[in-house]
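**Student:** show me the folded form of this:
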Amino acid sequence: MVAFFKKKFIIPIVAAAFLFVGTSFKDDFFEIAKQIEIFTTLFKAVNTNYVDETNPGDLMDKAIKSMLASLDPYTVYFNEQDVLNFKINNTGEYTGIGALITRKADRLIIKEQYKDYPADKAGLKAGDEIIQIGDVLIADFKDDASQLLKGAKNTKIAIKYLRQGKTNTTDIVLDEVDIKSVPFFGMIDAKTGYIVLAHFSRKASAETQAALEQLKRDGATQIVLDLRGNPGGLLNEAVNICNLFVPKNEVIVTTKSRIEKHNNTYKTTKEPIDTQIPLAILVNGRSASASEIVSGALQDLDRAVVLGSRSFGKGLVQRSVDLTYGTQLKVTISRYYTPSGRCIQALDYAHKDKNGVATKTDSKNFNAFKTRKGRTVYDGGGVMPDIELDETKLSAITNALLKNDGIFDYATSYYYKNPNLGTQIPTITDADYNSFKQFLKTNKITFDTETEVALKNTLAAAKKEKIDETITSEYQQLLNALEKSETTLLDKNQKEIKNLILEELIKRYQYQEGLYQYYLKNNSEIKKAVGVLNNQTEYKSILKM
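**Tutor:** Here you go, the predicted model:
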C-alpha cells in the first residue's frame, strides 16, 4: 500500500517542480502556486477515484504534452524513451539498424535503408513491413516500436517482415550508426564543387569544412551548398558554417527574448576557410531553422546568392532543459534575427484563430530590411531567394502523393517488377506514368487534399444526422468531379511527379549516394545555380559587388 501511494504522489510532486521551474519568471507567484496546487489535487483525485485503473505516468505524459502543444510545436516534453531519439538528432550517433522507419496505423515500414548498415546487411529494403520484432507482434505493440530495434552493439534481433505479400525472416545485428550531416559532396564540373548539408548535428561544421577543403584541393573555384529539405538543428553549428565563408568577429545571428539571459549575439570566432570563393545556396520550403540562419545570414552579408523557393520560416530558438528521472524539456526561449535585423518566423503562435491554428504573417505586412550592400530583403515568411526557381515548389497534388506514399508505394512495386537495373538509371516513360495512375486507382490511394477531406467529413456528419440518404447522389457527383479534377492535376503536373518517381527509384537501386550522383549532372536547380556562378557578371550584379 505504501508503494502504491508513493507511485500516486511522486509524479504530481515532480510536476509541481517542473511547472514551477517553467514559470518561475512570472511576477504573480501566488497565482502560480495556486494553479500548481489545483493541478496536484486534481491529479491525486483522478488517480484515487477513477472507476478504472489509471496509469499515472501516461496521464502525466499526456497532460504535459497537451499543455505544451497550446504554445508552439517546438516546445516539447521528452519522457525517458523520447530522450534517446532527441539525442540521436543532435549527435548523429546511435546504436541501431541504420534505416529510416515510419509507423502508419499498426504498420512499421522501412522507408529507406542506409548502405552497409545493419538493416542493409540483413537484406531489408524500402517498402518492407516489419510485423514482428523478437517475440513482439507489431500490431499488438502500441508504444514506439522503433525502441525494440535499439540496444547494445552486436545484439542480434530476429525480424519477421512482409515483402510483396510474402512473409520473410532475418536477423539484424545492431551496430553503431553515424548519420552524417554532409552525406555527399563532389565535383559538378572541373571548377564547381557541390556540398549537401542534410542537417545540423554537432559534426555539421566539421564535415562541411572537410568537404570544402577537399573540393578546393580537387580544383573547385566555386561552390554550390545544397540546403534543400534540411530541417535545421544546432544554432552554433549554423554560425560555424557561416564562419567558413566570412571573417572572424562577424555577427551572424542575434537572439532576443523577454528573459535577459537568453538575449545573445553570435559572432564568428575563427579564421575563415575562404571569404572570396563564389557561393550559391539552394533552399526550398522544407529548409528550416538553422538552414535559414545560414542562408539568411550569408544573404544579408552579400556573401552568397540564394536560389530556390521561400524557406519554411522558423525563426524560433529552442534550448534543452534536463528534468528529473531522465526526462527533458525542449523549450522555445527566443526568436532569432539575421544580421540585417529580420526575423523570418512565418507563424505567430501568440495569436491563433478560432480553431487554435497559428496565424500566418501576411506578405503585405512584411517589413523591409537592407543587406550590407543595400539590397532589400524582407522578414516574416522565411528566406526569400535572390532567384526563385519554380522547380523547388511542389503542387498540392504532388504534396498529397508524398504524404499518402503514392509515389513511395509505386516505386516499391516497380522495383520488384524490374529487379535487375543495377546502376542503370531508370527511364519513366509515358507508359510507366499511365501505369502509375492505374496503380493509384487499383490500390485506392486517396489524395486527402483539403477539399477531399472536407467532402468526406461532410458525408460523415450527414451520416451522424441520418440525412446521408438525401444527399448521396449529390455527394457522389461531387466526388466524381473531384476525382476527375485530380486526374487532370496528375496530368498537368506529370513532369514534377515523374521526377519524384525517378528519384525514389534511384534510391532503391543505388542508395542515397546514387541520387546525389544523379543530381550532379541532371538536377535543374543545381544546373541553374552553376549557371549563375559561371556568369560572374550576373553573380556580382545580384550581390552588388
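**Student:** residue ranges with poor pLDDT in this structure?
**Tutor:** Along the chain, segments meeting pLDDT under 70 span 1-27, 81-95, 449, 468, 470.
**Student:** and if we set it to 80?
**Tutor:** Filtered on pLDDT under 80, the chain yields the residue ranges 1-29, 79-96, 105-106, 142-147, 354-356, 361-365, 422-423, 446-483.
**Student:** for it, which strand is longest?
**Tutor:** As far as residue count goes, and with DSSP state E defining each element, the longest strand of the chain is strand 328-337.
**Student:** which other helices and strands contact that one?
**Tutor:** helix 2-23, strand 76-78, helix 80-91, strand 251-256, strand 316-322 (3 or more Cβ pairs under 8 Å, 6 or more residues apart in numbering; DSSP states H and E). In this view, the C-beta of every residue, glycine as well, is placed from N, C-alpha and C.
**Student:** contacts for it, please.
**Tutor:** Residues outside strand 328-337 that contact it (Cβ atoms under 8 Å, 6 or more residues apart in numbering) are 18, 22, 71-72, 74-78, 82-83, 86, 235, 253-257, 259, 262-264, 293, 315-323, 343, 345.
**Student:** ok, how many other residues are close to R310?
**Tutor:** R310: 21 surrounding residues under other Cβ atoms under 10 Å.
**Student:** for D218, which residues are in contact?
**Tutor:** By Cβ under 8 Å, 6+ apart, the neighbours of D218 are M187, G193.
**Student:** please renumber the chain so that the first residue is 202 from this point on.
**Tutor:** Let's use 202 as the start, then, which means that last one is D419.
**Student:** tell me how far the longest strand of the chain lies from the chain's centre.
**Tutor:** 17 Å (Cα atoms, centre = their mean, to the nearest Å).
**Student:** which helices and strands sit right next to the helix or strand following that strand?
**Tutor:** Once the chain leaves strand 529-538, the next helix or strand it forms, by DSSP states H and E, is strand 548-553. Applying 3+ Cβ pairs under 8 Å, 6+ apart, we find strand 548-553 packed against strand 559-561.
**Student:** where's I707, which helix or strand?
**Tutor:** Short version, using DSSP H and E: I707 is in helix 695-723.
**Student:** who does the longest strand of the chain pair up with?
**Tutor:** Paired strands of strand 529-538, with direction, are strand 277-279 (antiparallel), strand 452-457 (antiparallel), strand 517-523 (antiparallel) (DSSP bridges).
**Student:** convert that strand to CSV, retaining C-alpha atoms only.
**Tutor:** Output in CSV follows, covering the C-alpha atoms of strand 529-538 (Å, rounded to 0.1, in the frame of the first residue of the first chain):
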residue,chain,number,x,y,z
GLN,A,529,13.9,16.6,-20.8
LEU,A,530,12.1,19.8,-21.9
LYS,A,531,12.9,21.4,-25.2
VAL,A,532,11.5,24.9,-24.8
THR,A,533,11.3,27.9,-27.1
ILE,A,534,13.4,30.6,-25.4
SER,A,535,13.8,33.3,-28.0
ARG,A,536,13.5,34.5,-31.6
TYR,A,537,16.5,34.8,-33.8
TYR,A,538,17.4,37.7,-36.1
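**Student:** got the angle for that strand vs strand 548-553?
**Tutor:** Going by axes from the mean of the first three to the mean of the last three Cα atoms, to 10 degrees, strand 529-538 is angled at 100 degrees with respect to strand 548-553.
**Student:** how close does R459 sit to A559?
**Tutor:** Separation of R459 from A559 (Cβ to Cβ, to the nearest Å): 19 Å.
**Student:** before we move on, what about P274?
**Tutor:** Taken as Cβ to Cβ, the span from P274 to A559 is 9 Å.
**Student:** ok, L269 next?
**Tutor:** Counting by Cβ to Cβ, the separation of L269 from A559 is 14 Å.
**Student:** out of these two, which sits in the busier spot?
**Tutor:** L269 (19 against 15).
**Student:** hmm, that one is touching V277, no?
**Tutor:** Yes: counting by Cβ atoms under 8 Å, L269 does reach V277; the two are 6.3 Å apart.
**Student:** what about A597, how many residues nearby?
**Tutor:** Counted with other Cβ under 10 Å, A597 comes out at 14.
**Student:** double-check that E232 belongs to a helix.
**Tutor:** Yes: assessed by DSSP: H, G, I helix; E, B strand; the rest coil, E232 belongs to a helix.
**Student:** helix or strand next in line after the helix holding I707, which one?
**Tutor:** Past helix 695-723, further along toward the C-terminus, the next helix or strand under DSSP H and E is helix 725-735.
**Student:** tell me what angle that next one forms with helix 695-723.
**Tutor:** 50 degrees.
**Student:** show me how far helix 725-735 is from its chain's centre.
**Tutor:** 25 Å.
**Student:** what comes up buried for that helix?
**Tutor:** Under the neighbour-count criterion of 16 or more other Cβ atoms under 10 Å, helix 725-735 has E726, I727, K729, A730, V731, V733, L734 buried.
**Student:** just put those residues in TSV and tack on distance to S510.
**Tutor:** Output for the buried residues of helix 725-735, formatted as TSV (distance: Cβ to Cβ, whole Å):
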residue	distance to S510
E726	10
I727	15
K729	12
A730	13
V731	18
V733	16
L734	19
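**Student:** identify the farthest-apart pair in these.
**Tutor:** Spatial extent of those (Cβ to Cβ) is set by the pair E726 and L734 at 12.9 Å.
**Student:** where do the helices sit along the stretch 352-501 of the chain?
**Tutor:** 405-418, 436-444, 491-501 (DSSP state H, counting those that start in this stretch).
**Student:** right, and the ones you listed - which one's nearest K305?
**Tutor:** K305 sits nearest to helix 491-501 of all the helices of the stretch 352-501 of the chain, at 27.2 Å, using Cβ to Cβ.
**Student:** so after the closest one, what's the next helix or strand?
**Tutor:** Next along from helix 491-501, by DSSP H and E: strand 506-509.
**Student:** which strands and helices sit next to that next one?
**Tutor:** Secondary elements touching strand 506-509 (3+ Cβ pairs under 8 Å, 6+ apart): strand 480-484, helix 491-501, strand 588-589, helix 725-735.
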